[in-house]
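[1] Okay, predicted coordinates and the sequence, questions at the end:
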Amino acid sequence: MTPRILVISFSTIASDARVLREISAVARHGHVTTVGYGDKPTGSDEHLQLPDRAVSLPQTPLGVLKLALRMHKSVELDAPGTRAAIKLIGDRTFDLVIANDARALPLAFAVRGEAPVWADLHEWAPEERTHVTSWRLLVAPFMDYACKTYLPQTAAQSTVGEEIAKLYRERYGVTPRLVRNMAPFADLEPSPMREDGVIRLVHSGGAVFGRNIEAMIAGAVDAGEKVTLDLYLIPANDGGAYLRKLKDIAAGNPRITFHGPVKPHELPATLNAYDVGIFWIPPFNTNARLTLPNKIFDFIQARLAVAVGPTVEMARLVERYGLGLVTEDFEHDTIVAAIRSLTPERVQRWKQASAASARELSFENESRTIDAIIDDLLGTSKRA
């Protein structure tokens, strides 16, 4: 009998690169039912679509009061998204339940029946948005409760980087396996450098306040005529306010170009036309300090050189594989100096290093861990 696997993600799964990759691997092992927002994602056999307004955290006055009073057991299934998911799932049974992020854990255990639960932790859950006061005061304790209550009961855990895995081990006594945000292998070659010596910088991702994109724009502007910067940005849930601010900062500079979002599977081929993928994100919270995001692996599959700040996991990767440069800090003058230090010869060498490491740093290689987890858990489920 084909195993039945439930994948829960309180995200728009069809545009959630990590969950889409997860599903592509999970689908090799059984019939996949997904629960999340938006249209049916690629790889899903059955999609249970949550209403867009059914948010994943309690937001009624009573729900907020329960969060404030730390009545977490009482509130854990109160979020509109959770209630809607329970109703949609109904009496379906599964052989494995995958909870993407800590906020999905209470739901996973509510609907799992006898199935094992695998927690895929996309970041350090207790400090997901601690830069937002209301989140820090109300939601952070709930995330800590969810992790403390449910992670020890999960049959497997995974997360995005070694440092975050250490945090989960130290606080919650679990040892997540490493499933980094690697992009699928792209059969590309590094693009040739421009004959005029101009170096083409690029950044892709969400136009989200706190990601320091304004500093990248300012750095490219002040670095001079020998660089261009193209930005492939997804508007945030702020009505596009931050994106408009970024365009104002660029002030119509002809060397700064804004593009619309690109589908995850199209990114490497699109970015391949450039030379250096850049990302300087200051350590404003633990997740920013330890981030190892999708975009770094997109840059590698695009055969780009990489320029980043001293962010622990990114710096470690860039230095280990010789992919580019790591600055000493995130200051404007440091970023400008780093960009000015780029030469066609150095960049071409780093692009070749990306090409040399692209297969090792691909999802096809990383997905072996997913296969191993599922094989272990479905075996456990069958024996039970």
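    Sure, I can see it. Numbering: from 1, shown residues only.
[2] can I assume T286 is in contact with Y168?
    No: using CB atoms under 8 Å, T286 is not in contact with Y168, being 11.8 Å away. For the C-beta atoms, the positions are set from N, CA and C on the backbone; glycine is no exception.
[3] of those two, who's got more company?
    The residue with more neighbours, out of T286 and Y168, is Y168; 22 against 17, by other CB atoms under 10 Å.
[4] and the more buried one, that one's in a strand?
    No: under DSSP: H, G, I helix; E, B strand; the rest coil, Y168 falls outside any strand and is assigned helix.
[5] List the contacts of it.
    L121, W124, C147, L151, Q157, T159, V174, T175, P176 (CB atoms under 8 Å, 6 or more residues apart in numbering).
[6] What number of residues are in the vicinity of E170?
    8.
[7] Pull the residues that contact the longest helix anywhere in the chain.
    Secondary structure assigned by DSSP state H gives helix 363-383 as the longest helix of the chain. Contact with helix 363-383 is made by 3, 5, 21-22, 24-26, 28-30, 95-96, 114-116, 118, 155-156, 158, 177-180, 182-185, 297, 359, as judged by CB under 8 Å, 6+ apart.
[8] List the buried residues for that helix?
    For helix 363-383, the neighbour count (16 or more other CB atoms under 10 Å) marks F363, E366, S367, I370, I373, I374, L377, L378, S381 as buried.
[9] Tabulate the residues you listed in JSON lines, adding columns for distance to I164.
    Shown next, in JSON lines, are these (distance: CB to CB, whole Å):
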{"residue": "F363", "distance to I164": "19"}
{"residue": "E366", "distance to I164": "16"}
{"residue": "S367", "distance to I164": "19"}
{"residue": "I370", "distance to I164": "17"}
{"residue": "I373", "distance to I164": "17"}
{"residue": "I374", "distance to I164": "22"}
{"residue": "L377", "distance to I164": "21"}
{"residue": "L378", "distance to I164": "26"}
{"residue": "S381", "distance to I164": "27"}
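[10] which stretches of the stretch 251-384 of the chain aren't confidently modelled?
    Applying pLDDT under 70 to the stretch 251-384 of the chain flags residues 380-384.
[11] can you map out the helices along it?
    Remark: helices assigned in the stretch 251-384 of the chain by DSSP state H, counting those that start in this stretch are 267-271, 286-290, 294-301, 312-321, 332-340, 344-357, 363-383.
[12] could I get those as CSV with distance to D222?
    Formatted as CSV, these follow (distance: least, CB to CB, whole Å):
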stretch, distance to D222
helix 267-271, 23
helix 286-290, 23
helix 294-301, 23
helix 312-321, 23
helix 332-340, 5
helix 344-357, 19
helix 363-383, 36
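[13] out of these, which comes closest to L62?
    Closest approach to L62 among those (CB to CB): helix 286-290, 29.6 Å.
[14] What ranges does the stretch 201-350 of the chain have for its strands?
    Assigned by DSSP state E, counting those that start in this stretch, the stretch 201-350 of the chain shows strands spanning 227-235, 256-259, 276-279, 305-308, 324-326.
[15] For T34, which of those strands is the nearest?
    Across the strands of the stretch 201-350 of the chain (criterion: CB to CB), the nearest stretch is strand 227-235, sitting at 20.8 Å.
[16] rewinding a little: so which of the contacts of helix 363-383 are in strands?
    With DSSP state E as the criterion, strands contain I5, L96, W118, A156, S158, R177, L178 from among those.
[17] burial count for the last one?
    Residue crowding around L178 was assessed by other CB under 10 Å; the count is 14.
[18] got a pLDDT number for it?
    pLDDT recorded at L178 is 97.
[19] and it, what is it in contact with?
    S158, T159, V160, G161, E162, A165, T369.
[20] Export these to TSV and append columns for distance to P61.
    Formatted as TSV, the contacts of L178 follow (distance: CB to CB, whole Å):
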residue	distance to P61
S158	36
T159	34
V160	35
G161	38
E162	42
A165	38
T369	43
